[in-house]
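1. next input, structure requested:
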Amino acid sequence: MDLNAPRIIQEEMKHAGERVTPVFNDLSTDAAEQKPTEIESMCMSCHQMGTTRLLLIQVPFFKELIVGSFECSHCGLKDSEITSAGKIQEKGVKLVLQVSSIADLNRQIVKSDRSTIKIPYVDLEISSKKGGFTTIEGTVNTVCEDLIRAQELNAPQDQEYAAKIKEFISQLKKLLLVHEPFQFIVEDPTGNSHIENLKAPSVDPLLHVLYFARTKQQDEDLGLTHSSDTVGPDQAHLSETPMAGEPGVEPIDISDEVLQFPSNCTLCNAPCETNMKTVNIPRFKQVIIMAMVCDNCGYRDNEVKSGSGIAEKGHKLTLHIKDSIDLSRDILKSDTASCTIPELDFHLAHGSLGGRFTTVEGLISNMRDQLKDTAFTFTGGDSAEPSHHQKMTELCVKLDDIISAKMLDVHIVLDDPAGNSYLQDIYEPEVDPCLSVEVYERTEEQNDDLGLFGMNTSSTDAPLS
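-> Residues are numbered from 1 along each chain as shown. This is a model prediction of the structure:
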């Protein structure tokens, strides 16, 4: 593949605002819409000039993809690669699956080109160089095929090494029989890898999803700036322009202002403006609302962040939906909150949907749309079970029934360990018979997920000079 490909992609994105069509087109069979970019590049086999083709497409679940292929007319070498062009998530993800049956081998997985796959049972670790969409069985078979080729190449020179490879291949093939349970781990610092949940939308007891903060080295490998690389406290006042909060400078009140800053559309990647405003919710706290509208493709998005940090204790809000009035209640779901509808056996993990300030009806609509956009991708492959697709369809129908008030007498539960979620009390100052609020102490695991363990506050505790 051509090393200049990233530069060409950047140039395409740079001029995205000058185009009528988005940089990443929807996946289509129309040849007129799917014209790849062709560039000359050197063949790594014969060192003659070949042709690299790059196609920027958008597909469900993967969002943006860069599909690249190389072909050399001199030696016949061909290569292809799929790279995710989506944004890097705020945290990395570690997926731990306990493979205990043949059905688990058919689970579909999405792995980014930065992910690492581990199978501790056979002491196997694979660092992915290409992103892909495959299954557990497909991953193991691919490793076996690569090892067989390595065995054939090394057999004439090193018989002992070839024998060890053969023995290891037999161990991998035994895994596919699942005589004993084993762990299949995908660790991805970009947060863009996934393993199919066979119990969706319920919690899968065999699949554990852990989010982690990236190390400095991982941020540098991804081309991100680490927090320790920012200006230190001894350099904070080197600017010649007085800053708000410094001695002799009055603080700036931005509560009534709408701030704007440049960003890129998450759908077509065209340049756009994001609006940001602080809002005080009565009897709750201050929040920051960010909204974006893309003039190029018309995509709209909004997100809510807490403006007052993490509460001392976690909050669990339970609303009993008895009539259509309850669907119109205001609701603030922070990005640290999980959402559950027990009657549907539906659970939305924390981090899903991000922060949202909407109504109960709007939140349920967002959850339904999320299911249609992402979960159906896993239920539409060749290895997917038809019953999974039917289960998802039935769940979406039930969510539609709740939205239209055809299905009532259900509960919606917001569990937020950071205490930054809110549900409107429409009976105030009287006691709301449909709303209950539980305040609880966080577990050590929840504190760790919120980054409260090992937090370095030495720079903020130091007196200002």
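
2. okay, now the domains of this structure?
-> The record's domain parsing of the chain by automatic domain parsing lists 5-84, 92-221, 257-309, 314-449.

3. would you mind putting the ones you listed into JSON lines with mean pLDDT and mean neighbour count alongside?
-> In this view, the C-beta of every residue, glycine as well, is placed from N, C-alpha and C. Listed next are the domains of the chain as JSON lines, based on pLDDT from 0 to 100; neighbours: other Cβ atoms under 10 Å:
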{"stretch": "domain 5-84", "mean pLDDT": "68", "mean neighbour count": "15"}
{"stretch": "domain 92-221", "mean pLDDT": "87", "mean neighbour count": "16"}
{"stretch": "domain 257-309", "mean pLDDT": "81", "mean neighbour count": "15"}
{"stretch": "domain 314-449", "mean pLDDT": "85", "mean neighbour count": "17"}
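
4. all strands of the stretch 251-400 of the chain, in order?
-> Under the criterion DSSP state E, counting those that start in this stretch, strands of the stretch 251-400 of the chain are mapped to 259-264, 271-280, 286-293, 300-306, 314-321, 330-333, 338-341, 346-348, 356-359.

5. what's the closest of these to N420?
-> N420 lies closest to strand 300-306 among these, at 4.0 Å (Cβ to Cβ).

6. what packs against that closest one?
-> strand 286-293, strand 356-359 (3 or more Cβ pairs under 8 Å, 6 or more residues apart in numbering; DSSP states H and E).

7. mind checking how far the closest residue in space to K173 that isn't next to it in sequence is from Q171?
-> The shortest distance from K173 to any non-neighbouring residue, by Cβ to Cβ, 6 or more residues apart in numbering, is to C144 (6.6 Å). As judged by Cβ to Cβ, to the nearest Å, C144 and Q171 stand 10 Å apart.

8. do the same with H74
-> For H74, the distance to Q171 equals 41 Å [Cβ to Cβ].

9. try P429
-> P429 sits 68 Å away from Q171, going by Cβ to Cβ.

10. same question, I148
-> Taken as Cβ to Cβ, the span from I148 to Q171 is 14 Å.

11. swap in E38?
-> Going from E38 to Q171 by Cβ to Cβ gives 44 Å.

12. okay, stretch 176-187 in PDB with CA atoms only?
-> What follows is the C-alpha trace of stretch 176-187 in PDB, where atoms were taken according to Å, rounded to 0.1, in the frame of the first residue of the first chain:
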ATOM      1  CA  LEU A 176     -12.600 -25.200  17.600                       C
ATOM      2  CA  LEU A 177     -14.000 -28.300  19.200                       C
ATOM      3  CA  VAL A 178     -14.600 -26.400  22.500                       C
ATOM      4  CA  HIS A 179     -13.900 -29.400  24.700                       C
ATOM      5  CA  GLU A 180     -12.900 -26.900  27.400                       C
ATOM      6  CA  PRO A 181     -14.000 -23.300  27.800                       C
ATOM      7  CA  PHE A 182     -11.400 -20.700  26.900                       C
ATOM      8  CA  GLN A 183     -11.100 -16.900  26.900                       C
ATOM      9  CA  PHE A 184     -11.000 -14.800  23.700                       C
ATOM     10  CA  ILE A 185      -9.800 -11.300  24.400                       C
ATOM     11  CA  VAL A 186      -9.800  -8.300  22.100                       C
ATOM     12  CA  GLU A 187      -8.000  -5.200  23.400                       C
END
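
13. show residues contacting it.
-> Stretch 176-187 is contacted from outside by 92-102, 104-105, 109, 111, 115-122, 136-137, 140-141, 175, 193, 195, using Cβ atoms under 8 Å, 6 or more residues apart in numbering.

14. try it again at 6 Å.
-> Contacts with stretch 176-187, where a contact means Cβ atoms under 6 Å, 6 or more residues apart in numbering, come from 94-100, 102, 115-121, 136, 193.

15. for the host helix or strand of I169, name the packing helices and strands.
-> Take DSSP states H and E as the rule and I169 turns out to sit in helix 159-175. With contacts taken as 3 or more Cβ pairs under 6 Å, 6 or more residues apart in numbering; DSSP states H and E, helix 159-175 sits against helix 136-154.

16. same for the helix it packs on, what does it pack against?
-> On a contact count with 3+ Cβ pairs under 6 Å, 6+ apart, helix 136-154 meets helix 159-175.

17. let me know the angle separating the helix it packs on from helix 136-154.
-> Orientation of helix 159-175 against helix 136-154 (axes from the mean of the first three to the mean of the last three Cα atoms, to 10 degrees) gives an angle of 170 degrees.

18. CA atoms of helix 159-175 as PDB?
-> The C-alpha trace of helix 159-175 is given here as PDB (Å, rounded to 0.1, in the frame of the first residue of the first chain):
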ATOM      1  CA  GLN A 159      12.900 -29.300  11.400                       C
ATOM      2  CA  GLU A 160      12.600 -28.700  15.200                       C
ATOM      3  CA  TYR A 161      10.900 -25.300  14.700                       C
ATOM      4  CA  ALA A 162       8.500 -26.700  12.100                       C
ATOM      5  CA  ALA A 163       7.500 -29.500  14.500                       C
ATOM      6  CA  LYS A 164       6.700 -26.900  17.200                       C
ATOM      7  CA  ILE A 165       4.500 -25.000  14.800                       C
ATOM      8  CA  LYS A 166       2.700 -28.200  13.800                       C
ATOM      9  CA  GLU A 167       2.000 -29.000  17.500                       C
ATOM     10  CA  PHE A 168       0.700 -25.400  18.100                       C
ATOM     11  CA  ILE A 169      -1.600 -25.700  15.100                       C
ATOM     12  CA  SER A 170      -3.100 -28.900  16.500                       C
ATOM     13  CA  GLN A 171      -3.800 -27.000  19.800                       C
ATOM     14  CA  LEU A 172      -5.600 -24.200  17.900                       C
ATOM     15  CA  LYS A 173      -7.700 -26.700  16.000                       C
ATOM     16  CA  LYS A 174      -8.700 -28.400  19.200                       C
ATOM     17  CA  LEU A 175     -10.000 -25.000  20.400                       C
END
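
19. what lies in contact with it?
-> By Cβ under 6 Å, 6+ apart, the residues outside helix 159-175 that reach it are V122, V140, C144, L147, Q151, N154, A155.

20. which residues of the stretch 351-465 of the chain fall in helices?
-> With DSSP state H, counting those that start in this stretch, the ranges of helices along the stretch 351-465 of the chain come out as 360-370, 376-378, 386-403, 444-449, 458-461.

21. dump those into JSON lines; add distance to Y299 as well.
-> Shown next, in JSON lines, are the helices of the stretch 351-465 of the chain (distance: least, Cβ to Cβ, whole Å):
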{"stretch": "helix 360-370", "distance to Y299": "13"}
{"stretch": "helix 376-378", "distance to Y299": "19"}
{"stretch": "helix 386-403", "distance to Y299": "22"}
{"stretch": "helix 444-449", "distance to Y299": "30"}
{"stretch": "helix 458-461", "distance to Y299": "38"}
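
22. relative to P417, which of those is closest?
-> Evaluated over these, closeness to P417 peaks at helix 444-449, with 4.2 Å, by Cβ to Cβ.

23. mind checking the SS state of the residue of the chain positioned farthest from its centre?
-> For the chain, the largest distance from the centre (Cα atoms, centre = their mean) belongs to P156, which lies 46.1 Å off. Per DSSP: H, G, I helix; E, B strand; the rest coil, the local secondary structure of P156 is coil.
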